[in-house]
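Student: Here is the input, now give the coordinates:
(3 chains)
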Amino acid sequence: MTEVSAVPLVNENHRHEEFNQMDGDYSRDSANFESSMEINESSNVIKEEPNNGSFEENMKNGAGNGHGPEKEQLKSPKKEDVSLGFIDLGYESDDDIPWAQRLAKAKQNGSGSEKKAKDKDREKEKNGKLKKKKKEDNDEDEEYKPEPKKKEKRKHKEESDNDYSEDDYKPAKKKQKKDKEKTKKTEVKKEKKTSSGGSQSQSQSQSQSPKKKKKPEDEEDVWEWWKEEKKPAGVKWNTLVHKGPLFAPLYEPLPSGIRMKYDGKSVDLSPATEEVATFYARMLDHEYTSKDIFNKNFFADWRKVMTSKEREMITDLKKCNFEKMAVYFKEQGEKRKEMTKEEKAKIKEQKDEEQKIYGMAIIDGHRQKIANFRIEPPGLFRGRGGHPKMGKLKKRIQPEDVIINCSKGGDVPQPPPGHKWKEVRHDNSVTWLCSWTESVLGSNKYIMLNPSSKIKGEKDYEKYETARRLKKRIGKIREAYQEDWKSKEMRVRQRSVALYFIDKLALRAGNEKDTDEAADTVGCCSLRVEHIKLHDEHDGKEYVVEFDFLGKDSIRYHNFVHVEKRVYKNLKIFMENKNGSDDLFDRLDTAMLNEHLRQLMDGLTAKVFRTYNASITLQEQLAKLTNPDENVHHKMLSYNRANRRVAELCNHQRAYKEKKKEVKEAKREKKDAKSGTAAHEKAKKKYLRLKEQLEKIETQMKDKDENKQIALGTSKLNYLDPRISIAWCKKFNVPVEKVFNRTQRDKFRWAIDMIMNDEDGDSYEF
DNA sequence: TCAACGACTTGATGGCAAATAC
DNA sequence: GTATTTGCCATCAAGTCGTTGA
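Tutor: The predicted structure follows:
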């Protein structure tokens, strides 16, 4: 496990400040929800208008505090309001949403069973309300005994105590001719395209209209799926044609002079044994090979592929010397770098050819890029953090391991000569093209389509629409979970506190996981008592919770957060009579939490809060930081700052401190090892490598200051509604290329089209 | 009923080529 | 022209969440 540092991370002070600000906003938020509701009711625009801004924004501009000016704003949402951080939705009715209307409508209408479920919910709701009235406002009402095992939790059946239904929100109507016309036009265009079929016709039609000067990215077969009817639920495609996966090249034995040494003597290994040895040799410079678990796992798996003779001889990894192999691979690498232009071009050509054949699928008549058409090559498993299986052998995947998914008919991909597929399936309820079972964890791996494809894009679009729906309900949801802090039922209290953390701190849900199979990392629901410390007072603030745990990818989350008194008191109760290794929320898990969330809003799960909070923060930060009079360069600076705020919220940070500590330890190791010995050499190498890595991070920090600390790309690609960024570009005359690179533009083509081709696109509100 | 599984999204990492500096 | 830096992109591990079947 990565050792944690007692010193706060570089940008933690900043974040700490920010969270403290949030706290201020938070209380304001809930206190003023009612006033915003009243306003909207009279305005007949959006009936349900909770205070839905981010905490920070609300505090700074006072949005939703029930004073005069907001009333005016809420009554008449104008384009200009965007720059003021106005928080109402720009759209007044379904029909107002360009191109999205049919998609959204299909979803809203729902199926019969969905409706029944809602009715049932309403029944439950009534009962819940009656019960609620009787509830007393006392924290210590329920005698709380921690649950011994989470497994029993599900016995406490979820009661429906929600107060909302989808129908609560009924937007006013407004005609939208323009978009209908647009949709019509595109449909005609599409018909022309598809009538002549496939990508060829696309390029033909383009060549027929030389008037339109198109950028290279528009030259491909652009499938404007967002202007089409949605497929029935569960149907992912009607026809799917592809060439199957591309397999890793076969192993080529090393030249005769390149041999591993065992106990000082060169040994000839069988090809299979040698291949696995090369996996290790290639990683010799990597920190992994200094880890005991890695070596243990590698050696055990390596021995499995050895011949009995080899197994008899090679009994100790420490006696193996892979140096010669490692040097050879380095030399090969150098040679590759020194290749002539022509040689490089030839290789590129070959790769492009592979991409052309295997990298594309035809789905419902449209050519779509495949994300990963290569079968993962064999190698050693690189689990992160303290993964118990790191170093294990990832076996070579054969066609006999691969399941193909495609249309029925003659277009089934051919397996390589002399081989056959494990199975050929025609399952159009899934999106994958090929799948196989990976040998280390036994999990399934898939070949799927590129993010620019319809299948992925549509899902992405839906994700942001769900987050936008959450925006309309967040006020009520927050109000409800605050009320639940006082619940007599321990599971309800735990759920409400967990939800508060997920909403406020953008924590992940935290599924339970098997620590024999994966590193010991946690999320919100799986937090243990040892992961938090309560400080009655810290840094001049009351009720401070110190979080310190390893989250996804074993990245440390260390943060001091001021919380409401009631949350603090609840946490104290949750921790009573427990050991550090006990679950903090012993009566909660992600399934229960999500079941509850689903009752609050259709499609709501814990991860929607991350999308919502990230997007709303970006929108507000952009509005706050952008000065329309500045040049593009300065505007971009503002954009990156806004983006960075989001990344901070989501904890996408680089572990600078961790690296620093590693370097320190490596230095000590080097000092401890006897000079001249192999151990000393190894320690020295490790130290130099880590030092170099640290220096790189430091330089980046100095050069690019703020931005390098945070992995901006992740939030940009996964959490931020791209329409916010594009609308910002449109409004402030910043080229979209400045904000999104080629890949991102491909992925977000739907959003670019929606905003850029809409007259009111620049006033888009998340 | 619930653990296990399947399908999918999220996110870190590292290699490589294009851009930039010298 | 060469060295260095930067950004892009592929890769694959690690999550989330809904479904399944014992």
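Student: Next one: A:Val235 relative to A:Glu310, how far apart?
Tutor: 53 Å (CB to CB, to the nearest Å). In short, each C-beta sits where N, CA and C put it, glycine included.
Student: between the two, which one's more packed in?
Tutor: Between A:Val235 and A:Glu310, counting by other CB atoms under 10 Å, A:Glu310 is the more crowded of the two (19 against 10).
Student: quick one: what helix or strand has the closest residue to the more buried one other than its chain neighbours in it?
Tutor: Computed as CB to CB, 6 or more residues apart in numbering, the closest residue to A:Glu310 that is not its neighbour in sequence is A:Thr273, at 5.4 Å. Assessed by DSSP states H and E, A:Thr273 sits inside helix A:271-282.
Student: Quickly list the domain ranges of chain A.
Tutor: Residue ranges for the domains of chain A, per automatic domain parsing: A:12-90, A:244-358+A:372-448.
Student: With respect to burial, which of the ones you listed scores highest?
Tutor: Counting by mean count of other CB atoms under 10 Å, domain A:12-90 has the highest mean neighbour count of the domains of chain A, with a mean of 18.
Student: what is the mean pLDDT for that domain?
Tutor: What domain A:12-90 shows for mean pLDDT is 26.
Student: Also stretch A:226-235?
Tutor: Regarding stretch A:226-235, the rounded mean pLDDT is 88.
Student: and what of stretch A:499-513?
Tutor: On average, stretch A:499-513 scores 94.
Student: picking up where we left off before, quick one: list the elements packing against the following helix or strand past the helix holding A:Thr273.
Tutor: Using DSSP H and E, the next helix or strand after helix A:271-282 towards the C-terminus is helix A:292-305. Packed against helix A:292-305, as judged by 3 or more CB pairs under 8 Å, 6 or more residues apart in numbering; DSSP states H and E, are the following elements: helix A:271-282, strand A:393-394.
Student: Could you see whether DNA strand C lies near the shortest one?
Tutor: Right, strand A:393-394. Yes - counting by CB under 7 Å from any atom of the strand, DNA strand C is contacted by strand A:393-394 at A:Lys394.
Student: partners of that strand, with directions?
Tutor: Paired with strand A:393-394 in the same sheet, following DSSP bridges, are strand A:379-380 (antiparallel).
Student: and the strand it pairs with with DNA strand B, contact?
Tutor: No - applying CB under 7 Å from any atom of the strand, one finds strand A:379-380 out of contact with DNA strand B, separated by at least 11.8 Å.
Student: what's in contact with that strand?
Tutor: Here strand A:379-380 makes contact (CB atoms under 8 Å, 6 or more residues apart in numbering) with A:279-280, A:283, A:288, A:294, A:298, A:390-394.
Student: One more pass at 7 Å, please.
Tutor: A:279-280, A:283, A:298, A:391, A:393-394 (CB atoms under 7 Å, 6 or more residues apart in numbering).
Student: just stretch A:542-556 next, same as before
Tutor: Contacts for stretch A:542-556 (CB under 7 Å, 6+ apart): A:1-2, A:4, A:384-386, A:508, A:519, A:521-523, A:527, A:531-536, A:538, A:557-563, A:565, A:568, A:571, A:651, A:655, A:658.
Student: Stretch A:725-732 now?
Tutor: A:622, A:626, A:628, A:635, A:639, A:735-736, A:739-740, A:751-752, A:755-756, A:761-762, A:764.
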